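*Asks:* Coordinates for the following, if possible.
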Amino acid sequence: ARLEQKGWNTADFDDSKWKEAGYRAVPSQNVVSQQVQPIRIVETIPAKALKKVNDTTYVFDFARNMSGVTRIKVSGEEGTVVRLKHGERIYDNGRVNMSNIDVYHRPVDDKDPFQMDILILSGKGEDEFMARFNYKGFRYVEVTSSKPVALDQNSLTAYFVHSDVPQKGEINTSNPLVNRLWWATNNAYLSNLMGYPTDCPQREKNGWTGDGHFAIETALYNYDGITVYEKWLADHRDEQQPNGVLPDIIPTGGWGYGTDNGLDWTSTIAIIPWNIYLFYGDSKLLADCYENIKRYVDYVDRTSPSGLTSWGRGDWVPVKSHSSKELTSSVYFYVDTKILANAAKLFNKQEDYKHYQALAEKIRQAINDKYQGNRHIRQRRSDGTERTADVGYCPQGYESKSSPQPGEEGGRSRFPSGCGCIGSQSHTERLE
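*Replies:* The predicted structure follows:
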């Protein structure tokens, strides 16, 4: 705050003493406008509680997790260093607990803090600060200072920040718990929408592809998010290698083209354009991605000619069960190929339709031959294998045997489901 020049952000500020801007080469000649909904402050949230630990330590509670920033108003001696640590949990003593989100943080020194703003007070009355070039994921903020400062519950305000997509769908039931679950789901979705879908608003903030397509139906039932996904799928097309391979985080600085960036994650290239078409009746994104989907499916076909593939991450972070990676990856291979065949039919590409329809049938048969025989009917548990009934390739008569029935797992465990990301998406549909 000691270095701030008053009025620097106003039109009539005298910047004659500032250095000239430096020229840099344009990163690409292909400069196009983005029609995506803007990222902005959508909601102002006052602190719901304040715990004073001592004259130099305060913990603010905003009573909900969110993505965003905070604004502090504070007075103190010149040179007093104020640190604002943002986190989602607290210890028993009320201090902010970062252990769930800083596990991979590898700072060189204390000049590289995690989820923290640092303000040096000017000593000239009240200083005000809000971060402009980052955002955090948090519920609690611990404010510490190198010298005593006086704060009250109004000294810190939180701002919920995300892509401002219009809400279109709503659920309102007679059950308050259901209503609250719907609200919490949407709050989590919006907290992970920053120009593209992310995996978390605090730790990585990466465009993990699997996270994006797992939530696509939640997104489109509730929000008008087509422009966000049009932008993100343009990123997909930019990141796709000539052989058809995609990284499992998009956009990427080069990381993500490893050994597990397979079908259960990078099927976004097919699943999201197809869902945009189903929800909007708009085939443009599907058409824009058609050749990319072909390259993707053709790559898997070349590397897995049997129709079965283990290329992927599997049912990620399961509670207790472990499903076959070959099964889950092969299911997504079938899904992508079926989408491609349907798109070919939609766009009157008859030769493509015949080829990919036949390939989809080959994959379906390969999965059924290995995983739906009598000796393999052991799927009455909550894991990723229940995708068999959801994507339409389970043979007639086996549907009820390929996925758990409502309450079947819950009666034997305190967990209603033992599955990970992939299985949980389907498990909720089995409870209908």
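*Asks:* Now do the strands in the stretch 101-250 of the chain.
*Replies:* 116-120, 127-130, 136-145, 156-163 (DSSP state E, counting those that start in this stretch).
*Asks:* Name every strand pairing with the last one and say which way it goes.
*Replies:* Based on DSSP bridges, the strands next to strand 156-163 in the sheet, each with its direction, are strand 39-46 (antiparallel), strand 57-74 (antiparallel).
*Asks:* any idea of the angle it forms with strand 136-145?
*Replies:* 160 degrees (axes from the mean of the first three to the mean of the last three C-alpha atoms, to 10 degrees).
*Asks:* The first one too?
*Replies:* Note on geometry: by the same axes, to 10 degrees, strand 116-120 and strand 136-145 are set 40 degrees apart in direction.
*Asks:* in strand 116-120, what's buried?
*Replies:* For strand 116-120, burial by neighbour count (16 or more other C-beta atoms under 10 Å) applies to M116, D117, L119, I120. Placement of C-beta: from N, CA and C, glycine included.
*Asks:* Pick out whichever of those residues sits closest to M130.
*Replies:* For these, the residue nearest M130 by C-beta to C-beta is D117; the value is 8.5 Å.
*Asks:* so where's the stretch 101-250 of the chain uncertain?
*Replies:* Along the stretch 101-250 of the chain, no part satisfies pLDDT under 70.
*Asks:* gap between the residue nearest to N222 when sequence neighbours are not counted and D264?
*Replies:* In space, N222 comes closest to G169 once its chain neighbours are excluded; the distance is 4.4 Å by C-beta to C-beta, 6 or more residues apart in numbering. Per C-beta to C-beta, to the nearest Å, G169 is found 27 Å from D264.
*Asks:* likewise N65?
*Replies:* Separation of N65 from D264 (C-beta to C-beta): 27 Å.
*Asks:* And the two? Which one has more around it.
*Replies:* Neighbour count, other C-beta atoms under 10 Å: between N65 and D264, D264 has more, with 30 against 17.
*Asks:* which SS state does the more buried one fall under?
*Replies:* Three-state call for D264 (DSSP: H, G, I helix; E, B strand; the rest coil): helix.
*Asks:* wait, S330 sits on G312?
*Replies:* No. Counting by C-beta atoms under 8 Å, S330 does not reach G312; the two are 9.1 Å apart.
*Asks:* Kindly point out which residues are neighbours of both of these two.
*Replies:* L263 (C-beta atoms under 8 Å, 6 or more residues apart in numbering).
*Asks:* So for these two, which sits in the more crowded spot?
*Replies:* More crowded of S330 and G312, by other C-beta under 10 Å: S330, with 30 against 27.
*Asks:* Spell out the secondary structure type for the more buried one.
*Replies:* helix.
*Asks:* contacting residues around it?
*Replies:* L263, G307, L308, T309, I363, A366, I367.
*Asks:* Give me the pLDDT for it.
*Replies:* As predicted, S330 sits at a pLDDT of 95.
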